[in-house]
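**Student:** sequence and predicted model, in that order:
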2 protein chains.
Amino acid sequence: MNLTFKPYTLGLKHQFTLAGSSRGTTPVMLTKIEHKGFTGYGEASMPPYLGESHDSVSKFLKMLDLRKFNDPFNLTEILNYINNIVPGNTAAKASVDIAMHDLLGKMIKQPWYKIWGFDKTKTPLTTYTIGIDTDEIIRQKVKEAEPYKILKVKLGRDNDKEIIDIVRSVTDKPIAVDINQGWKDWKMALEMVYWLKEKNTLFVEQPMPKNQIDDMARLTEKSPLPTFADEAVQGIDDVVKIKGIYSGINIKLMKCGGMRNAREMISIARALDMQIMLGCMTETSCAISAAAQLAPTVDFADLDGNLLINNDPFIGLKVTDGYTKPIDSHGIGVELLNPAFFG
Amino acid sequence: MNLTFKPYTLGLKHQFTLAGSSRGTTPVMLTKIEHKGFTGYGEASMPPYLGESHDSVSKFLKMLDLRKFNDPFNLTEILNYINNIVPGNTAAKASVDIAMHDLLGKMIKQPWYKIWGFDKTKTPLTTYTIGIDTDEIIRQKVKEAEPYKILKVKLGRDNDKEIIDIVRSVTDKPIAVDINQGWKDWKMALEMVYWLKEKNTLFVEQPMPKNQIDDMARLTEKSPLPTFADEAVQGIDDVVKIKGIYSGINIKLMKCGGMRNAREMISIARALDMQIMLGCMTETSCAISAAAQLAPTVDFADLDGNLLINNDPFIGLKVTDGYTKPIDSHGIGVELLNPAFFG
């Protein structure tokens, strides 16, 4: 098997503001694995606050020698090799995992959701993210989000209630909120959750700093809404650890290292009676279409990353009637717009 | 899809004696699912002490209407229908789950271990079971077991040390022991485990009655050998429950309802740092070949059920050099010897 990769920079339609940072682009690395006439595509997305970069992913991918593997069906062996070569680098690992799955799905001639036997009709509605912004732009974003049935509103600064009031001045559709660790006091957090519940909120994501474990467990115990871990859950090993601290987990391919690990985390979370959200970074249709293969198994899909960019090099999953159902093309189901992209 | 089934009775090469019963045959139900020119085979094995029978499985299978499903790729939907129709009946459910996997694997044109991406070379040695018997027959069985590198010796009556001494008079290969809930006192059990460890024993299976939970947890905590749950673990929901009480689980398709659930249990057990054994009943090569698809992922394989019978209607997995590696034919990898078997 032959691996090639190319750095790329996503342009964001709107400046992207979290509780702690703001930016207008996201670096990604696109990967391609070729084997006997089949081609698989993958992607690493590297929002700067997570620590990976064009340089680190490039360095990681250069360490790999996939030429020593002759059979993509030895997926476990290949992915174990990639996972064990160095720690961390989860986005870089995901870029290979996704390309391997795309390649193998094309060889099997099925989309992965079918190989996994999932029922596509069980895919939940996707949420659409409304980032922190000026009142006027929030209003505009909510209006633009008309096709989506659930909004995920970013909170966690000192104007949370104002932002919700602005959203509620435009729409009464259900919302979820993502605090990105922004609340520091669990009793205040609990009051906010009760207030948000009255505003037709479905769940609260990462309300408190990931290290405030006892506070978070108290909040979850008393919360009238499910709480989801995002920053507090990375990969497979974390699911068991946060049982009892959060009601559910937000699985992202870039955090956990790809489709294989995400698939495992779903089994584990279900066994522990935890809810599951499937999330994303700002990503191209490549990583989004890969994640969507798992969407039929989760409680909430938050797969809007490709909707937030203006230079997607792939054609893949599109939101239809508010759903990000996996598509029926083989592998992860994407086409590269410019065949000469990888040179 | 069209489901047909036929009762069959396996003849056992040796009378099969556990801590509580003895018999010379095992009733099984063989199933066949046909769809668009593809045929999948499955099997329910019903050792009488587990409560299922030709009658109960027949009654269960008659309740099912698979004609309403047109796409075997909707595996989750179909298996959920089968699992939810009535509780229990896990062998009956496994007979449909296995046939569905065989059918779908043939449509995908791959064996399941490849679809799951497992590395066949990681398959552990299989154990070969030495049942409770007279001294002379135990000696003879141990000699017959020459091709197998690990023996699993059934204990749990009042002559455990004598049986081990007989085995050790013939061979020094590593053994495992299966107590089938036969030990009632945890301190005596612990003494026995220490004694067995000196006799080159690898693990102890279901040492105490499944309801003696506190005693069992104490034994596991102090045991110098891993303890495996067998009677104490049935399906997916049980894995989390027995964490801390046993070191590992014995997964059997007939207990958990088939390949899908077994696959899930493996993910869950791994997340909980539990060891995994893959076991079986006396079964034809059909259910054994199905279970073997999962063998590359486990710590111990105990897939000798088809070696213990004298009228296997299938050609499938054969033990090679002590290993039960999955075979490369599509689906579960079996052929029916008599094409007219189902009439």
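**Tutor:** Yes, it's here. Source: prediction; values computed, not measured.
**Student:** need the pLDDT of residue A:1.
**Tutor:** We have a pLDDT of 95 for residue A:1.
**Student:** likewise for residue A:19?
**Tutor:** Residue A:19 is given a pLDDT of 56.
**Student:** same question for residue A:132.
**Tutor:** Looking at residue A:132, its pLDDT is 84.
**Student:** let me know the helix or strand that it is in.
**Tutor:** Element membership of residue A:132, judged by DSSP states H and E, is empty: it is in no helix or strand.
**Student:** tally of neighbours for the closest residue to it other than its chain neighbours?
**Tutor:** Residue nearest to residue A:132 in three dimensions, not counting chain neighbours: residue A:17, with 4.1 Å by Cβ to Cβ, 6 or more residues apart in numbering or on different chains. Every C-beta, even on glycine, is put in place using the N, C-alpha and C of the backbone. Residue A:17 is flanked by 16 other residues according to other Cβ atoms under 10 Å in any protein chain shown.
**Student:** residue A:17 touches residue A:134, doesn't it?
**Tutor:** No: with contact defined as Cβ atoms under 8 Å, residue A:17 does not reach residue A:134; the gap is 9.8 Å.
**Student:** the helix or strand hosting residue A:237 - what's its average pLDDT?
**Tutor:** Assessed by DSSP H and E, residue A:237 sits inside helix A:236-242. Computed over helix A:236-242, the mean pLDDT rounds to 95.
**Student:** what separates that helix from the chain centre, distance-wise?
**Tutor:** Relative to its parent chain, helix A:236-242 has a centroid offset of 17 Å by Cα atoms, centre = their mean, to the nearest Å.
**Student:** and that helix, what does it pack onto?
**Tutor:** Counting contacts by 3 or more Cβ pairs under 8 Å, 6 or more residues apart in numbering or on different chains; DSSP states H and E, helix A:236-242 is packed against strand A:248-252, helix A:259-271, helix B:259-271.
**Student:** in it, what's buried?
**Tutor:** Buried positions in helix A:236-242, judged by neighbour count with 16 or more other Cβ atoms under 10 Å in any protein chain shown: A:236, A:238, A:239, A:240, A:242.
**Student:** residues contacting the last one?
**Tutor:** Shown in contact with residue A:242 (Cβ atoms under 8 Å, 6 or more residues apart in numbering or on different chains): A:229, A:232, A:233, A:249.
**Student:** now the residues you listed in CSV, with secondary structure and neighbour count?
**Tutor:** Below are the contacts of residue A:242 laid out as CSV (DSSP: H, G, I helix; E, B strand; the rest coil; neighbours: other Cβ atoms under 10 Å in any protein chain shown):
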residue, secondary structure, neighbour count
A:229, strand, 26
A:232, coil, 23
A:233, coil, 27
A:249, strand, 29
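**Student:** show me which of those residues is closest to residue A:114.
**Tutor:** residue A:249 (24.7 Å; Cβ to Cβ).
**Student:** the closest one contacts residue A:228, correct?
**Tutor:** Yes: assessed by Cβ under 8 Å, residue A:249 is found in contact with residue A:228 at 6.5 Å.
**Student:** where do the contact lists of these two overlap?
**Tutor:** Counting by Cβ under 8 Å, 6+ apart, the residues touching both residue A:249 and residue A:228 are A:275, A:277.
**Student:** where are the low-confidence patches of chain A?
**Tutor:** Residues of chain A meeting the criterion pLDDT under 70: A:18-21.
**Student:** how about the residues of it by chain B?
**Tutor:** Within chain A, the positions lying close to chain B (Cβ under 8 Å from any Cβ of the partner chain) are A:73-77, A:79-80, A:104, A:108-110, A:114-119, A:121-122, A:236-237, A:239-240, A:260, A:264, A:267-268, A:270-272, A:296-297.
**Student:** neighbours of the residue in the stretch 101-250 of chain A that chain B sits nearest to, just the number please.
**Tutor:** Relative to chain B, the nearest point of the stretch 101-250 of chain A is residue A:117 (2.9 Å; Cβ to the nearest Cβ). Residue A:117 has 20 neighbours, counted by other Cβ under 10 Å.
**Student:** excluding covalently adjacent residues, which one is nearest to it?
**Tutor:** Nearest to residue A:117 is residue B:75, by Cβ to Cβ, 6+ apart, at 2.9 Å.
**Student:** which residues does the one you found contact?
**Tutor:** So, once contact is read as Cβ under 8 Å, 6+ apart, residue B:75 ends up touching A:117, B:100, B:101, B:104, B:260.
**Student:** give me the three-state assignment for the second one.
**Tutor:** To tie it back to what came earlier, the one meant is residue B:100. Secondary structure, DSSP: H, G, I helix; E, B strand; the rest coil: residue B:100 is helix.
**Student:** next, the buried residues of stretch A:127-147.
**Tutor:** A:127, A:128, A:129, A:130, A:131, A:132, A:133, A:138, A:139, A:141, A:142, A:145.
**Student:** now for the third one: which residues touch it?
**Tutor:** Think residue A:129. Residue A:129 touches A:151, A:152, A:154, A:178, A:302, A:304, A:308, counting by Cβ under 8 Å, 6+ apart.
**Student:** and it, bridged to which residues?
**Tutor:** Following DSSP bridges, residue A:129 is listed with bridge partners residue A:152.
**Student:** contacts for the helix or strand hosting residue A:278, please.
**Tutor:** For residue A:278, the host element (DSSP H and E) is strand A:275-279. Contact with strand A:275-279 is made by A:203, A:205, A:226, A:228, A:230, A:247-252, A:262, A:265-266, A:269-270, A:291, A:294-295, A:297-303, as judged by Cβ under 8 Å, 6+ apart.
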